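Novice: have a look at this prediction, sequence included:
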Amino acid sequence: MKITIAIDGFSSTGKSTIAKMLAEKLEYVYIDTGAMYRAVTLFAIRIGAIDDSKQLDTPLLESQLDAINLRFERNGDTGKADMILNGENVEREIRTMAVSTKVSIVSELAAVREKLVAEQRRMGADKGVVMDGRDIGTVVFPDAELKIFMTASASARAHRRYKELLDRGDDVNYDEILKNVQERDYIDSHREHSPLKQAEDAVPFDNSHMGLEDQFERIYSLAQDRI
Ligand code: C5P
């Protein structure tokens, strides 16, 4: 039987790494919903609906939502799924600080969430999917057979994100990243629509002091129990 696996949690807890590994092992589809919110944010920046002052022009963005076409495309070099926004590969650009500092503000908008949740439900309609985000177990797939809620200390998360961006060759500042992680967590958990919170039936998973292999073994075994 194919099941639906929802992995939610705070920023940079390593959700996507585990979700990808799990999807590969189970031969499931992996969907990174954060990439979708990031792509909408990039679009909002490009049309001038949000700038560094972080003031969102809600009517402008809402009037353009139908012009946003998102899809994932497998990258032959990395083997990962890249985000394609209106035909353009934006995988690299959506991970920049310019996007990270605005994505939580764009993600507060009900119209943005409605559009993306509808697409996520379509993508996961046939089960056999591992989806990571903030509201997968609470809103997108409340009936998911396995829900994981990942947490880790803010400094462990900022260190991971810092290393990830450094490895990619970005010019980054640790304090700026820590601040961004904390700000996003605050906005994500306090927003009106679909705030980040643990679903009642989710398995809490703190990985501050846990290696990748260990995490994977435990979560894979939880999945096995439900298949
Ligand atoms: O997962 P990632 O850190 O890339 O997500 C970026 C941002 O997108 C989050 O901080 C959050 O504001 C938003 N998001 C969301 N709901 C999701 C996934 C991401 O609001 N399901």
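Specialist: Perfect, I can see it now. Numbers count the residues shown, from 1 in each chain.
Novice: the ligand contacts on the protein?
Specialist: Within the chain, the positions near the ligand by Cβ under 6 Å from any ligand atom are 11, 33-34, 37-38, 103-104, 107, 133-135, 184, 188. No exception for glycine: its C-beta is placed from N, CA and C like everyone else's.
Novice: let's see that with 8 Å instead.
Specialist: Applying Cβ under 8 Å from any ligand atom, we find that the chain lies next to the ligand at 8, 11-12, 15-16, 32-38, 41, 95, 100, 103-104, 106-108, 113, 116, 120, 132-136, 140, 184-185, 187-188, 191, 194, 196.
Novice: return the subset of the residues you listed lying in strands.
Specialist: Among these, DSSP state E puts 8, 32, 132, 133 in strands.
Novice: which two from the residues you listed end up farthest apart in space?
Specialist: 8 and 32 (12.5 Å; Cβ to Cβ).
Novice: okay, now the closest residue to residue 109 other than its chain neighbours: neighbour count?
Specialist: Nearest residue to residue 109 in three dimensions, chain neighbours excluded: residue 58, at 6.5 Å (Cβ to Cβ, 6 or more residues apart in numbering). By the criterion of other Cβ atoms under 10 Å, residue 58 has 17 neighbours.
Novice: same question, residue 59
Specialist: Neighbours of residue 59 (other Cβ under 10 Å): 9.
Novice: try residue 153
Specialist: Neighbours of residue 153 (other Cβ under 10 Å): 14.
Novice: got it, and the one 4 residues further on?
Specialist: Residue 157 is surrounded by 25 other residues when neighbours are defined as other Cβ under 10 Å.
Novice: for residue 87, same thing?
Specialist: 7.
Novice: quick one on the thing from earlier: list residues touching both of residue 8 and residue 32?
Specialist: 132, 133 (Cβ atoms under 8 Å, 6 or more residues apart in numbering).
Novice: so those two - more neighbours on which side?
Specialist: residue 8 (27 against 20).
Novice: touching, that one and residue 130? I think so.
Specialist: No: Residue 8 is beyond contact range of residue 130, at 11.9 Å (criterion: Cβ atoms under 8 Å).
Novice: so for the residue positioned nearest the centre of the chain, what's the nearest residue that isn't a sequence neighbour?
Specialist: The residue lying closest to the centre of the chain (Cα atoms, centre = their mean) is residue 34, at 2.6 Å. Counting by Cβ to Cβ, 6+ apart, residue 34 lies nearest to residue 133, which is 6.0 Å off, once chain neighbours are set aside.
Novice: list the residues that contact that neighbour.
Specialist: Contacts of residue 133 by Cβ under 8 Å, 6+ apart are 7, 8, 15, 32, 33, 34, 120, 140.
Novice: mind running it again at 7 Å?
Specialist: With contact taken as Cβ atoms under 7 Å, 6 or more residues apart in numbering, residue 133 is in contact with 8, 33, 34.
Novice: what residues sit buried inside the worst-scoring helix or strand of the chain on mean pLDDT?
Specialist: Every helix and strand in the chain was compared by mean pLDDT, DSSP states H and E; the lowest is helix 154-167, with a mean of 93. Buried residues in helix 154-167, defined by neighbour count with 16 or more other Cβ atoms under 10 Å: 154, 156, 157, 158, 159, 160, 161, 162, 164, 165.
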